[in-house]
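> Got a predicted model here, sequence first, then my questions.
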Amino acid sequence: MLNLQNLCFSSDNRQIIDDLSFSFQKGKFYAITGPNGSGKTTLSKLIMGIHKSTSGRIIFDGQDITGYSVTERAKAGIAYAFQHPARFKGITLRDLLNIALGKDHKSDMRDIVEKIGICSFEFLDKQVDSKLSGGEIKKIEMATTIALNPKLVMYDEPDTGIDLWTIDPMVNLLKREQAEKGTTTIVISHNRTFLEAADTVILIKSGKIAYQGDTRGALPMLNDLSICNQNCKVHENDGCFR
């Protein structure tokens, strides 16, 4: 489905993604985790085309998309949900769904709104602006992403800004979409609920894959503070906040 071949990315004389190779299978659920600064979000942005790789190739559905723009990758069936979704003054959820669906189809809109747990159909006409809560803006981004019906979707820390009670329904929704539509799903997260829901956990350290497998096998590495990339300098008697 998606094949990363010897992918590299450097910026400001720093190697962020270092000769990384991995094959994502169609219809599987992947969780990418690891310490801050390890290259998780950078990797997802390379796949989406937001960043351009220094070297290596990206093969999607049998096509070399290494040189594709973000728009070309989106048309090929790749979708990306940001950790901090954009807000649009004067634009409503209905407007966004019209763009994503390509038509004003009320039954499709109602189905998507119900899927993401919005009870009132009137929410469609709310503006996607700064008045929305973190949970509401996350739901809106998820609704528009689902409406695109992508072949492959990446969610960058989807639990950011939402309450703990929203996480389980969110995971269940992503798993249903994966099962019903065969969507290849990649979630970047530190949250154990997402890691346990994944078919494969990928742990990235210093731009390389340090582990791939189930959550149980990843836990010893996740609990090992030595994998942290922050290189903080603390006083002798101070402890790391982690």
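Thanks, I have it.
> what about this protein, any weak spots by pLDDT?
Across the chain, the stretches falling below the confidence threshold (pLDDT under 70) are 85, 103-107, 118-121, 161-165, 224-242.
> which helix of it spans the most residues?
helix 164-181 (DSSP state H).
> what residue lies at the spatial centre of this protein?
The chain has Tyr155 as the residue nearest its centroid, 1.8 Å off, counting by Cα atoms, centre = their mean.
> Return the residues in contact with it.
Applying Cβ atoms under 8 Å, 6 or more residues apart in numbering, one finds that Tyr155 lies in contact with 81, 142, 145, 174, 185-189. The way it works is simple: take the backbone N, C-alpha and C, and place the C-beta from them, glycine included.
> Just list whatever residues bridge to it.
Note on Tyr155: beta-bridge partners Ala81, Val187, judged by DSSP bridges.
> Tell me the secondary structure at Pro150.
Using DSSP: H, G, I helix; E, B strand; the rest coil, the secondary structure recorded for Pro150 is coil.
> With Lys52 instead?
coil.
> so what's it up against?
For Lys52, the contacting residues are Leu46, taking Cβ under 8 Å, 6+ apart as the criterion.
> Repeat the analysis, applying 10 Å as the threshold.
The contact partners of Lys52, by Cβ atoms under 10 Å, 6 or more residues apart in numbering, come to 9, 45-46, 66-67, 69.
> Out of those, who's the most crowded?
Neighbour count (other Cβ atoms under 10 Å) singles out Leu46 as the most crowded of these, with 24 neighbours.
> Now that residue: phi and psi?
Backbone torsions for Leu46, taken as degrees, to the nearest 10, come to phi -70, psi -40.
> same deal with Leu148?
For Leu148, the backbone dihedrals (degrees, to the nearest 10) come out as phi -70, psi -20.
> before we move on, back to that, tell me the two of the contacts of Tyr155 that are most distant?
Taking Cβ to Cβ as the measure, those span a maximum distance of 15.6 Å, between Thr145 and Ser189.
> could you flag which of the contacts of Tyr155 are buried?
A residue is treated as buried here by neighbour count (16 or more other Cβ atoms under 10 Å); on that basis the buried members of those are 81, 142, 145, 174, 185-189.
> closest to Phe60 among these?
When those are compared for distance to Phe60 (Cβ to Cβ), Ile186 wins out at 12.5 Å.
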